[in-house]
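Novice: task: produce atomic coordinates for the following.
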Amino acid sequence: MKFKKSFLLILFASSLFFGGCSKELEEYNKPAVYWYGKIIENISKRDLEQADEYYSSLQGEHIGSPLLPEATMILAIAHMHYEEYLLSEHFLNEYVKRYATVNEKEDADFLKIKAKYMALPNPRRDQALIEEAIKEAQNFKNRYPNSMYYSVVDTMQTRLYMAEAALNETIADLYDRLDKPKSAQHYRAIKPQPWIKWNEIDRANTAWYREWFEGDGTSSWYAFMIPDTKSVVSRNSVSDNSLEKQTKKLTSFQESELEKAKDLRDKDILSDAEYQTLKEKILEL
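Specialist: Presented below is the predicted three-dimensional model:
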């Protein structure tokens, strides 16, 4: 009898506990201000994951609420503050596509560039992100020539150019170690901004705690253990023959056809693989 009472007591307590949890998880059909308050509350507690879930509820139940644009921008800024830059960009894209006026779109576009720029603590790790950030910065300058953010974006773009040059120099150093002088020369020649005095720019110093594992950017810490012989190069490496094709002067017809191919790729009519195949055929003309 005593065991039966204990079992019933445990069963009752468990039902209360799990019932309370399920009630919290199954919240729905609430007013917009309720979800908005929950978003702000969880941001203040640094629980951005839960705040994102409440945002989904606000968006799902009140798609036309005037609180939704503000909640979107608040979450974008909160994710940027906590260095979650990809999520920040996601909310900024949502804001630009759905809610932003002309003036607000300029502010949001600036924050998107800032998020990409701040997501690059180590430029040698993400070449694609550097190129994308440079492109978006140039688009911003073309779109808003009189913007109050123009000088800031211009400064970020200049630093990104230098980061790209440092990355190319690192790749060139790698090719030097692989005994590929033409490939190294190719990457050292990629400096398309004549207004930058490249000979006055020094490579950024690698932090001592990263240098132990990554080297200083010119060589790896374990380089002394590698025999001084010609290394095996990946099939994806730039070959000397391909470099000769790239550095050969193009005809006006080839340049025109390449521009058309790039335009088709940018419009998602051609895939990257199809574009590369077409590019090789054009270069062989």
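
Novice: helices or strands up against the host helix or strand of Phe140?
Specialist: Assigned by DSSP states H and E, Phe140 belongs to helix 127-143. Judged by 3 or more Cβ pairs under 8 Å, 6 or more residues apart in numbering; DSSP states H and E, helix 127-143 is in contact with helix 102-118, helix 150-177. (Each C-beta comes from the backbone N, C-alpha and C, glycine too.)

Novice: Ile63: neighbour count?
Specialist: Ile63: 10 surrounding residues under other Cβ atoms under 10 Å.

Novice: next, it: phi, psi?
Specialist: Ile63 adopts backbone torsions of phi -60, psi -20, taken as degrees, to the nearest 10.

Novice: still on that earlier bit, TSV please, covering the helices and strands packed on helix 127-143 and showing mean neighbour count.
Specialist: TSV is the format used below for the helices and strands packed on helix 127-143 (neighbours: other Cβ atoms under 10 Å):
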stretch	mean neighbour count
helix 102-118	18
helix 150-177	18
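
Novice: where among these is average confidence lowest?
Specialist: Of all the helices and strands packed on helix 127-143, mean pLDDT reaches its minimum on helix 150-177 (a mean of 85).

Novice: just the mean pLDDT for the next helix or strand after it, thanks.
Specialist: Counting by DSSP H and E, the element after helix 150-177 in chain order, helix or strand, is helix 181-188. For helix 181-188, mean pLDDT is 82.

Novice: repeat for stretch 60-75
Specialist: 91.

Novice: now do that stretch: everything it contacts.
Specialist: Stretch 60-75 is contacted by residues 28-33, 35-36, 39-40, 43, 48, 51-52, 55, 58-59, 91, 94-95, 98-100, 108 when judged by Cβ atoms under 8 Å, 6 or more residues apart in numbering.

Novice: please repeat the previous calculation with a cut-off of 7 Å.
Specialist: Contacts of stretch 60-75 from elsewhere in the structure, counted by Cβ atoms under 7 Å, 6 or more residues apart in numbering, are 29, 32-33, 36, 39, 43, 51-52, 55, 58-59, 91, 94-95, 99.
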